[in-house]
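Novice: Structure for this input, please:
(chains A and B)
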Amino acid sequence: MDVGTFIVVSVIKTVIALIVLLTAVAYSVWLERKVVGHIQNRWGPTRVGPFGLLQPLADGIKFLFKEDLTPPHVYKPLYIAAPMIAVTLALTSISVIPIGNWVTVGGIRTPLQITDVNIGLLIILGVTSLGVYGVALAGWSSNSKYSLLGGLRASAQMVSYEVSLGLSLIGVLIMAGSFSLREIVDAQGGTFWGFIPRWNIFQGQIVAFFIYLMAAYAETNRIPFDLPEAETELVAGYHTEYSAMKFAMFFMAEYANMITVACLASLLFLGGWHGPLFGPAWLQAVLPVFWFMLRVFGFLFVYIWVRGTLPRFRYDQLMAFGWKFLLPLAIANLVITGLIVALKS
Amino acid sequence: MLHLILFLIFGAICVAGAVNLLVQRHPINSALSLIVVMGSLAVEYLLLGAEFVAAVQVIIYAGAIMVLFVFVIMLLNAGEEERTRGSRVALLFGIPGMLAGSVLMGWVLLEHSGTEAVPAGALPGPPKIIGWLLFHDFLLPFEVTSVLILIAIMGAVVLASRPESVQQTKKEG
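Specialist: Down below sits the predicted model:
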């Protein structure tokens, strides 16, 4: 592939990935309102379009046309930069996530991901670890008590749970022997005894999966770990002072992060795009992407389900849970996995 | 060629961030400049082919350590610093000392490293090689460093935990 084709292909892939991601973000908001609505015995959005399907569009238009207030007491440069940092970083991490196998379109063979790098997982970890600045700076620059408390809580929580999150992934890395997301998925192909798929979750990483699940909820500030924006005590936490599109950016960042986390869970623990393949050639090309999307959807559904079910932690419970339970468990899982892999080889 | 241009651009950003760190009067702006320095250093590593080191630089320095810096600044709600006119001693000895130091360092580097440029990607970059180096060639320094960090952690625990006598008096009081 020469440089010209490479640039054209990259630009096309980036645009498609961004459009898909942003649509997914909009519709996961819709999904959340619908599912939580049904959990709470009401209908959720129904008025705009069939089943309220046009609701995200209406919300988007509303965000665009609302008055964009900037409170007079804020520290302006950072107040404006914070939502941009949050949304940029949230959208960046999708660039290394593969959604399927290699495809050949018009004689050009390309992987179904924007870029295939051999440290893909580390890039995602790096980008998400920078994501905390958006929240922390928003809280600080708003110059309001609620925002500051929200920002402080967010940064403490994210730094604490990042440790368990990282450690829970190392077991998978040891088993695959690579940082490349594509190679990790490839290592999960095939089955045991013909019917149990060789996903990492069935290869002894089930504890790691649940550690990842809990740490990921905390990283994305979702219930039951949504203390940074606990509306009953902090109004709205770090985005109290934001309105219109700036508020929407935080919203988009949160849901984009949820989707990234769901993609990562599917790739690392649930076998990526492996699944039964059948039918004509075009169907066989599309099916892996479908299986992958199905897993991501399932993971997002569980996210929303948990939100509709569980109450919020208390702050000391949150910290004790992270440091005294999750972290030792993650280390134990890592040591045992390492021992088993070393004994096998 | 593109590598060299990018390398120079990010080098300039790195130096500009470092200067801005000193010039800014508000601690949070200084902390953010430091993040820029860390980030551009990571890009420099990446351009040299050390992608693992670059990722670790971002995850640990920009993503964890600087978050704690920002956290502390937010927690103390530190305001703008006052600017003094600086001491005469620093002016008389500091600047010549710094110049002499940098000349010395430049001279040593030029004398002992050879002048041929390192081609991009020639440095040991992949995580496998770095792991091999750490756990075979440099095992002892690596383990000694981990003991050092353990000591630091224990020190932090001791400092953070209140002595029992204080807790006793609190309960009684």
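
Novice: So which bits of chain B are right by chain A?
Specialist: Near chain A, the residues belonging to chain B are B:28, B:32, B:35, B:51-52, B:55-56, B:58-59, B:62-64, B:67-68, B:70-71, B:73-75, B:77, B:126-127 when assessed by C-beta under 8 Å from any C-beta of the partner chain. To be clear about C-beta, it is placed using only N, CA and C from the backbone, and glycine gets the same treatment.

Novice: which among those residues end up buried?
Specialist: The neighbour-count test (16 or more other C-beta atoms under 10 Å in any protein chain shown) marks B:28, B:32, B:35, B:51-52, B:55-56, B:58-59, B:62-64, B:67, B:70-71, B:73-74, B:127 as buried among these.

Novice: distance of the closest residue to chain B within the stretch 201-345 of chain A from residue B:96?
Specialist: Evaluated by C-beta to the nearest C-beta, the stretch 201-345 of chain A has residue A:238 as its residue closest to chain B, separated by 10.9 Å. Taking C-beta to C-beta, to the nearest Å as the measure, residue A:238 and residue B:96 are separated by 47 Å.

Novice: what about those two, which has more around it?
Specialist: Each of residue A:238 and residue B:96 has its neighbours counted (other C-beta atoms under 10 Å in any protein chain shown); residue A:238 has more, 33 against 10.

Novice: which SS class is the more buried one?
Specialist: Three states are possible here, and by DSSP: H, G, I helix; E, B strand; the rest coil the one that applies to residue A:238 is helix.

Novice: Next: residue A:110.
Specialist: When classified by three-state DSSP, residue A:110 comes out as strand.

Novice: And the nearest residue to it once chain neighbours are set aside, its phi and psi?
Specialist: Using C-beta to C-beta, 6 or more residues apart in numbering or on different chains and skipping residues adjacent in sequence, the residue nearest residue A:110 is residue A:9, 5.7 Å away. Main-chain dihedrals, residue A:9, degrees, to the nearest 10: phi -60, psi -40.

Novice: what residues are up against residue A:222?
Specialist: Listed by C-beta atoms under 8 Å, 6 or more residues apart in numbering or on different chains, the contact partners of residue A:222 are A:254, A:258, A:303, A:306-307.

Novice: Quick one: low-confidence residue ranges for chain A.
Specialist: Confidence mapping of chain A against pLDDT under 70 gives the ranges A:1, A:194.

Novice: The residue of chain A found nearest chain B: how many residues sit nearby?
Specialist: Taking C-beta to the nearest C-beta as the measure, the point where chain A comes nearest chain B is residue A:129, at 2.8 Å. Here the neighbour count serves as a burial measure; for residue A:129 (other C-beta under 10 Å) it reads 24.

Novice: pretty sure it contacts residue A:163?
Specialist: No: between residue A:129 and residue A:163 there is no contact, the gap being 10.7 Å when judged by C-beta atoms under 8 Å.

Novice: check which helix or strand covers residue A:26.
Specialist: Secondary structure here is read from DSSP states H and E; on that basis residue A:26 sits in helix A:3-39.

Novice: what comes up buried for whichever strand or helix holds residue A:252?
Specialist: Under DSSP H and E, the secondary-structure element containing residue A:252 is helix A:244-268. Residues A:246-268 are the ones in helix A:244-268 that count as buried (16+ other C-beta under 10 Å).

Novice: Export stretch A:66-79 to PDB, keeping only CA atoms.
Specialist: What follows is stretch A:66-79 as a C-alpha-only set of coordinates in PDB (Å, rounded to 0.1, in the frame of the first residue of the first chain):
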ATOM      1  CA  LYS A  66     -29.500  26.300  24.500                       C
ATOM      2  CA  GLU A  67     -27.900  29.400  25.800                       C
ATOM      3  CA  ASP A  68     -24.200  28.700  26.600                       C
ATOM      4  CA  LEU A  69     -23.800  30.300  30.000                       C
ATOM      5  CA  THR A  70     -20.400  31.000  31.500                       C
ATOM      6  CA  PRO A  71     -20.600  31.900  35.100                       C
ATOM      7  CA  PRO A  72     -18.600  35.000  36.000                       C
ATOM      8  CA  HIS A  73     -16.500  33.500  38.700                       C
ATOM      9  CA  VAL A  74     -14.900  30.700  36.700                       C
ATOM     10  CA  TYR A  75     -11.300  30.400  35.600                       C
ATOM     11  CA  LYS A  76     -12.000  30.700  31.900                       C
ATOM     12  CA  PRO A  77      -9.200  29.000  30.000                       C
ATOM     13  CA  LEU A  78      -9.500  25.800  31.900                       C
ATOM     14  CA  TYR A  79     -13.300  26.000  32.200                       C
END
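
Novice: Quick one: check it for contact with chain B.
Specialist: Yes: Stretch A:66-79 comes into contact with chain B (C-beta under 8 Å from any C-beta), by way of residue A:78.

Novice: How far off centre is that stretch?
Specialist: Relative to the centre of its chain, stretch A:66-79 is centred 28 Å away, using C-alpha atoms, centre = their mean, to the nearest Å.

Novice: For that stretch, buried residues please.
Specialist: Neighbour-count burial for stretch A:66-79 flags A:74-75, A:78-79 (criterion: 16+ other C-beta under 10 Å).

Novice: I'd say residue A:243 and residue A:63 touch.
Specialist: No: in this structure, residue A:243 sits apart from residue A:63 without contact. The criterion is C-beta under 8 Å, and the distance is 9.2 Å.

Novice: Compare these two (neighbour count), which wins?
Specialist: Just comparing residue A:243 and residue A:63: by other C-beta under 10 Å the higher neighbour count belongs to residue A:63, 18 against 15.

Novice: Run through the residues that contact the more buried one.
Specialist: Contacts of residue A:63 were listed using C-beta under 8 Å, 6+ apart, and they are A:244-245, A:247-248.

Novice: can you redo the residues you listed as a markdown table with distance to chain B?
Specialist: Output for those, formatted as a markdown table (distance: C-beta to the nearest C-beta, whole Å):
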| residue | distance to chain B |
| --- | --- |
| A:244 | 25 |
| A:245 | 23 |
| A:247 | 21 |
| A:248 | 24 |
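
Novice: would TSV of those with distance to residue A:329 be doable?
Specialist: Rendered in TSV, the data for those read as follows (distance: C-beta to C-beta, whole Å):
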residue	distance to residue A:329
A:244	42
A:245	41
A:247	36
A:248	37
